[in-house]
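In: no sequence on this one, just coordinates:
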């Protein structure tokens, strides 16, 4: 027979108030007991448990895909007329019509597509085309710093999000109701905006086939677009210095192009202008300090 455990005098039993707190008990290996587990109310909430990629496809409270499509309507109002002008300009310049929709798929860079028409007609060297494209689209580097790419799931969506990042889609996703779009909504926004541009260019290319050759002036569309952008930039900044710097850079570029190196007007002017505004900005920063 096994020995019976010794009886403990009731008077010697530990008082309930003096018993060890369960939260202080540990097992022989030093591990905390079940009472040491975190309280459910203290556990990470949904925003801590799910990363940005896991929340990307959650329904948006303002209408989901329909909300993203609605935000593209103002984009369509700009992309379709400008795309039509681009398509007509391309065909009027003697380039085959199918290059208009093809360039919207492969390039999709707005102003660079307009410039590409002149590049193809003039037969500019590749290095000048590459450099001009870099300078004109250099601002996209700064767009990428705050673009919510973390909401896009998968490599394909992320890659397309970078490729389809335009001034308009960046403006929508960086402020206002578009700042809270989910990853799926951002993709819808970019795809639909891309389609608007494609349709505008296709329509313009087809119209260019029936426009009589006697109709002139479509080649001025690029100049008119940049003049409009320049006027808007001056109005928003209200700085006469920027205008003077641009005129000075253009004058130097013209002299270099005319008397030193041919076909260098755009490269020299852009490089000089960027250098001038960078020096001006640095000088202002030092004066503020």
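Out: Ah, there it is. Note that the coordinates shown come from a computational prediction; the quantities given were computed from them, not determined experimentally. Numbering: from 1, shown residues only.
In: so how far is residue 246 from residue 227?
Out: 12 Å (CB to CB, to the nearest Å). Backbone N, C-alpha and C define where each C-beta goes, glycine included.
In: who has more neighbours out of those two?
Out: A side-by-side neighbour count of residue 227 and residue 246, using other CB atoms under 10 Å, places residue 246 first with 18 against 11.
In: please name the residues that touch that one.
Out: Applying CB atoms under 8 Å, 6 or more residues apart in numbering, one finds that residue 246 lies in contact with 230, 273.
In: so for the helix or strand hosting it, mean pLDDT?
Out: Here residue 246 sits within helix 240-259, counting by DSSP states H and E. In this model, helix 240-259 has an average pLDDT of 88.
In: ok, and for that helix, which residues are buried?
Out: Buried residues in helix 240-259, counted by 16 or more other CB atoms under 10 Å: 242, 245-246, 249-250, 252-253, 256-257.
In: of those, closest to residue 117?
Out: Minimum distance to residue 117 across these is 19.6 Å, recorded for residue 257 (CB to CB).
In: look up how far residue 253 lies from the residue lying closest to residue 261 once chain neighbours are set aside.
Out: Leaving aside its sequence neighbours, residue 261 sits nearest to residue 268 (CB to CB, 6 or more residues apart in numbering; 7.9 Å). Separation of residue 268 from residue 253 (CB to CB) stands at 4 Å.
In: quick one: low-confidence ranges for the stretch 151-289 of the chain?
Out: Low-confidence segments of the stretch 151-289 of the chain (pLDDT under 70): 213-214, 217-223, 225-226, 229, 232-233, 236-237.
In: quick one, helices of the stretch 101-250 of the chain?
Out: All helices of the stretch 101-250 of the chain, identified by DSSP state H, counting those that start in this stretch, fall at 111-122, 126-136, 140-146, 155-163, 167-174, 183-210, 220-237, 240-259.
In: and the residue most central in space within the chain, what does it touch?
Out: Centrality entry for the chain: nearest residue to the mean C-alpha point is residue 165, 3.9 Å, by CA atoms, centre = their mean. Going by CB under 8 Å, 6+ apart, residue 165 touches 140, 143-144, 147, 190.
In: much appreciated, bye for now.
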